[in-house]
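Undergrad: Model the structure of this input:
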Amino acid sequence: MGGITEITEESITQLEIVELDGGQIEVIDGSITKIEIIELESSVDPLTLDISPQINTIIVDTTRDNVNIEVTTNDPLTVETTTTNNIIEIVEDQVVYQTGSIYNITNVTNENTTRQVTENIIQNITQSITQSITQSITQSVGFSDTQISSLLNLIYVKGTIDLIVSPSFFERNKLTSVEYEYSVVPNDDTTSTILFGGIDVSLSPNNSQLYNDVLDSLSKTYEVTFTPTSSGGNPRSISLTKTSIALKPQYYGVSNITDFNGYNYSDLNANLTKRVQSGDNISQIISPTNQFVYFLSTNNNATITDGNGFPNTGDFLLSTITVKYSNNVDQTLYQYRSKDPKTLTNFTYKIT
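TA: Now for the predicted structure:
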């Protein structure tokens, strides 16, 4: 035992031996000897991890000589605890995801941050799933691009644009106001560039533009470039072009005048009926009294029939004339005049 070689007990006394390292106690007295060995231990509560002291006493009664008592010690009980600190660190105002995308988070804390981060993660997952589905369909199933687009449209709404022009047509060389209205609906897309007539209108993408004193056809284009947010597709541009068409005026009616070549705009409109239209088909019901029947047309090879569809082209003389537009600019028309004055009642003539 740690430095003690022999202890002789000659009388009834109480002897306390403190042994830390273990060893052997030898009892050589032949009389009845009682030896108490007190063992100090510790116990640990498995739930709370509280450590409490524990004393174990061993009593040995000897009845014979030379009793050897082994005293051994166990290493003290060691309880190791590890404390971890869970830290969420947001550097500056950005959260970086595995995909490499950066989502800005400003002025948000606690549950707002959690919600926003969660939404961004879900959006990232959705984009990855959509890309995987598209790739899988393309490689494994062999769907066409049109079929893939139809499938994606079931879960993804692309952005749309609209362009309206008023009026859709007007009389050429007569001062007219033309208005364009343009608009965009991004839906599941985001817009990157928005142009109207080649001019950036991204600050006001839903607006209108008025053009005054227009004399000839006017065309404008509205173009928007969309950047998909979750479709996995490439940026795409959509453009619409609308034209307000300037049309040449045409004329018809009856008159005692033998030729309208050289007439100005106001006199021409005072004697005949004006028609502004895209085609050259004109029908008139007339009741002339010894008057000429007229068609001033843009068609130099027209056919004239009566109300029953019978041909009457041979009854008309064809000539090329020059008259005036509203702004006094020359206009070329083809004059169809009946060879002779007509006296009729509610008679129909058609030119095509």
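Undergrad: Can you say which helix or strand has the closest residue in space to Ser217 that isn't next to it in sequence in it?
TA: With sequence-adjacent residues excluded and distances taken as C-beta to C-beta, 6 or more residues apart in numbering, Ser217 is closest to Ala246, at 4.5 Å. Heads up, the C-betas are built off the backbone N, CA and C, glycines and all. Assigned by DSSP states H and E, Ala246 belongs to strand 236-247.
Undergrad: Give the next helix or strand downstream of that strand.
TA: strand 250-255.
Undergrad: Name the residues of the strand holding Ala246 that come out as buried.
TA: When burial is assessed from 16 or more other C-beta atoms under 10 Å, strand 236-247 yields the following buried residues: Lys242, Ser244, Ile245, Ala246, Leu247.
Undergrad: what do you get for stretch 263-278?
TA: For stretch 263-278, a neighbour-count test (16+ other C-beta under 10 Å) marks Tyr263, Tyr265, Leu268, Leu272, Arg275 as buried.
Undergrad: Can you show me the CA trace of that stretch as CSV?
TA: Taking Å, rounded to 0.1, in the frame of the first residue of the first chain, the C-alpha atoms of stretch 263-278 are listed here in CSV:
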residue,chain,number,x,y,z
TYR,A,263,-60.7,68.4,-110.3
ASN,A,264,-59.6,69.5,-106.9
TYR,A,265,-60.5,67.7,-103.7
SER,A,266,-63.5,69.9,-102.6
ASP,A,267,-65.2,70.0,-106.1
LEU,A,268,-64.7,66.3,-106.5
ASN,A,269,-66.4,65.6,-103.1
ALA,A,270,-69.2,68.0,-104.0
ASN,A,271,-70.2,66.1,-107.1
LEU,A,272,-69.6,62.4,-106.2
THR,A,273,-69.6,60.1,-103.2
LYS,A,274,-66.3,59.3,-101.6
ARG,A,275,-65.4,55.8,-100.4
VAL,A,276,-62.3,55.0,-98.4
GLN,A,277,-61.7,51.2,-98.2
SER,A,278,-59.0,48.6,-98.7
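Undergrad: Show residues contacting that stretch.
TA: Applying C-beta atoms under 8 Å, 6 or more residues apart in numbering, the contact partners of stretch 263-278 are 169-171, 245, 247-253, 255, 257, 260, 282, 284, 294, 296, 323-326, 328.
Undergrad: ditto for stretch 239-247
TA: Under the criterion C-beta under 8 Å, 6+ apart, residues 161-173, 176, 178, 180, 214-224, 276-278 lie in contact with stretch 239-247.
Undergrad: Average pLDDT for it, rounded please.
TA: Taken as a whole, stretch 239-247 has a mean pLDDT of 98.
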